[in-house]
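Visitor: based on what follows, work out the 3D shape:
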Amino acid sequence: MSVSVELSAELDPAARAAIGPRRSGGIYRNGYLNLEYRVEAVLIGESARTEISFSDFALVERDLTGSQVGRRRVHCTAWNDRRDEVVAPPPVENQDSGLLEP
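Guide: Residues are numbered from 1 along each chain as shown. The predicted structure is shown next:
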């Protein structure tokens with residue numbers, strides 16, 4: 001089932017802040033790694049813990065630039081407003097439903 005960040009009662013404020021503006025289908029720049037990536041999924045709850053046992057959320061991303069274009073990454077790194085940026089928001093149909101929960 002897909003839900004928006006605002007509608008997810010399961011997600012605490014710290015996890016929401018860590019996910020930041022990232023939504024499925026959006027393209028973002030990682031300022032630390034200096035690369036662009038597309039978010040394939042934002043997992044929460046049990047779906048996230050299947051990927052990362054200690055986290056309430058997990059991001060599934062595909063690198064679009066950098067030394068390993070096409071690499072799939074799954075992580076729970078927090079969004080950093082000082083170094084990360086939105087390159088292209090997700091398509092309109094994905095903007096309100098970018099999180100997946102069990």
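Visitor: which residues of this structure fall in helices?
Guide: Secondary structure of the chain (DSSP state H): helices at 13-19, 46-51.
Visitor: turn those into JSON lines, including mean pLDDT and mean neighbour count.
Guide: From N, CA and C alone the C-beta is placed, and that goes for glycine too. Listed next are those as JSON lines, based on pLDDT from 0 to 100; neighbours: other Cβ atoms under 10 Å:
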{"stretch": "helix 13-19", "mean pLDDT": "91", "mean neighbour count": "15"}
{"stretch": "helix 46-51", "mean pLDDT": "91", "mean neighbour count": "17"}
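Visitor: check contacts around the residue of the chain most remote from its centre.
Guide: No residue in the chain sits farther from the centre than S67, which is 20.7 Å out by Cα atoms, centre = their mean. Shown in contact with S67 (Cβ atoms under 8 Å, 6 or more residues apart in numbering): no residues.
Visitor: how about the strands in the protein?
Guide: Secondary structure of the chain (DSSP state E): strands at 2-3, 27-30, 35-44, 57-63, 72-75, 85-88, 99-100.
Visitor: tell me which of those is the most buried.
Guide: strand 99-100 (a mean of 23; mean count of other Cβ atoms under 10 Å).
Visitor: quick check: D12 touching F57?
Guide: No - with contacts defined as Cβ atoms under 8 Å, D12 does not count as touching F57, sitting 9.8 Å away.
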